[in-house]
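Colleague: 3D model of this:
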Amino acid sequence: MKSWLGLLFLTTISHAFELPKASTQCLVGTAKDWNSSHVTLQLYQKSGKQWQKVGTAWKGRLGKNGLVWGLGLHPTPAKAAIKAEGDGRTPAGVFRIGGAWGAEAQIRKHPKLPYHQVTSRDLWVEDPASLSYNQHVILPHEPATAWEKKQQMKQDDYAHKLKLFIAHNAPPKVVKGAGSSIFFHIWRNGGSSATAGCTTMEEARLRALIAAIDPAQQPLYVILPAAELQQYRAAWKLP
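Modeller: Model (predicted):
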């Protein structure tokens, strides 16, 4: 009886949600299980009611401790563990894809995709005690305090020279301590290193992804373990 009720609940929440109809571009990330730090990525384009693959799949890396439910567009199962600051896990679920950030003055991208060239005054606040938690802040001065320097977007780190925002726990509904600064960015050591919670890939793949993202198509990132991806695929109308 207990397992039957659990199945009924999961079926109920799965039918209460589906991908927004206006979203016609979707990147799907599939991990082996909740504890895997490896992911296979595939971009899809919607034509009519059908999702079609765009190009071939590629490899990426996730948080060193795997996945955990994040805060995005999807419903979260009751009593499920949720992403927490510093847990070393990548948020799982369905998320909107935001703007790009980088060290270069210009990058190849869709004309409507926001791009911000990062300077020493750009912060991304990872301090849960701050009112600006998980938000971009531009200082009116060079960073002076230890706190300001700690929140700086990394400019001297090759892996962070280009990134694309994943809207986990994003404004205006930011939950303190539920995880911050989640991006797609360049992987480390040729893909041999996991992350603190971001999704990483080789630079050429990241640049191609950023060039393909079209804000008018309301692009999404669906990232789940293989079993959950299969479980929710029909009800959520996933690719």
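Colleague: quick one, phi psi at the closest residue to residue 158 other than its chain neighbours?
Modeller: Distances taken as C-beta to C-beta, 6 or more residues apart in numbering put residue 186 closest to residue 158, at 6.6 Å, once the chain neighbours are dropped. Where you see a C-beta, it was placed from the backbone N, CA and C, and this is true even at glycine. When quoted as degrees, to the nearest 10, the phi and psi of residue 186 stand at phi -70, psi 140.
Colleague: Could you do the one 3 residues further on as well?
Modeller: Phi and psi for residue 189, reported as degrees, to the nearest 10, are phi 50, psi 40.
Colleague: show me what contacts it?
Modeller: Residues counted as contacts of residue 189 (C-beta atoms under 8 Å, 6 or more residues apart in numbering): none.
Colleague: can you pull the pLDDT of it?
Modeller: Predicted confidence (pLDDT) for residue 189: 96.
Colleague: any idea how far it is from residue 202?
Modeller: Distance from residue 189 to residue 202, counting by C-beta to C-beta, to the nearest Å: 11 Å.
Colleague: Also residue 230?
Modeller: 27 Å.
Colleague: give me the beta-bridge partners of the spatially most central residue of the chain?
Modeller: For the chain, the residue nearest the mean C-alpha position is residue 166 (3.4 Å; C-alpha atoms, centre = their mean). Note on residue 166: beta-bridge partners by DSSP bridges are residue 97.
Colleague: so what's the spatially closest residue to residue 122 that is not a sequence neighbour up against?
Modeller: Counting by C-beta to C-beta, 6+ apart, residue 153 is the residue found nearest to residue 122 once chain neighbours are left out, at 4.7 Å. Applying C-beta under 8 Å, 6+ apart, we find residue 153 in contact with 101, 118, 122, 123, 124, 160.
Colleague: doesn't the first one fall inside a strand?
Modeller: It refers to residue 101. Yes. Counting by DSSP: H, G, I helix; E, B strand; the rest coil, residue 101 falls inside a strand.
Colleague: beta partners of it?
Modeller: residue 116, residue 163.
Colleague: cool, the fifth one as well?
Modeller: For residue 124, the beta-bridge partners are residue 136 (DSSP bridges).
Colleague: Which residues does stretch 73-89 contact?
Modeller: By C-beta under 8 Å, 6+ apart, the residues outside stretch 73-89 that reach it are 9-10, 13-14, 16-17, 20, 63-71, 91, 93-96, 126, 128, 168-169, 177-180, 196-197, 220, 236.
Colleague: Now list the buried members of these.
Modeller: 10, 14, 63, 65-71, 91, 93-96, 126, 128, 168-169, 177-180, 196-197, 220, 236 (16 or more other C-beta atoms under 10 Å).
Colleague: can you tell me which of those residues are in strands?
Modeller: Those of those mapping onto strands are 67, 68, 69, 91, 93, 94, 95, 96, 220, per DSSP state E.
Colleague: ok, the fourth one - contacts?
Modeller: If a contact means C-beta under 8 Å, 6+ apart, then residue 91 has 67-72, 83, 166, 168-169, 179, 182, 197, 223 as its contacts.
Colleague: Output stretch 22-33 as CSV, restricted to C-alpha atoms.
Modeller: What follows is stretch 22-33, C-alpha atoms only, in CSV (Å, rounded to 0.1, in the frame of the first residue of the first chain):
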residue,chain,number,x,y,z
ALA,A,22,6.4,28.5,-25.9
SER,A,23,9.8,26.8,-25.3
THR,A,24,11.0,25.3,-28.6
GLN,A,25,14.7,24.9,-27.7
CYS,A,26,15.8,22.5,-25.1
LEU,A,27,19.2,21.1,-23.9
VAL,A,28,18.8,17.7,-22.2
GLY,A,29,21.4,16.4,-19.8
THR,A,30,21.3,12.7,-18.8
ALA,A,31,23.3,11.4,-15.9
LYS,A,32,23.7,7.7,-15.0
ASP,A,33,22.2,8.2,-11.5
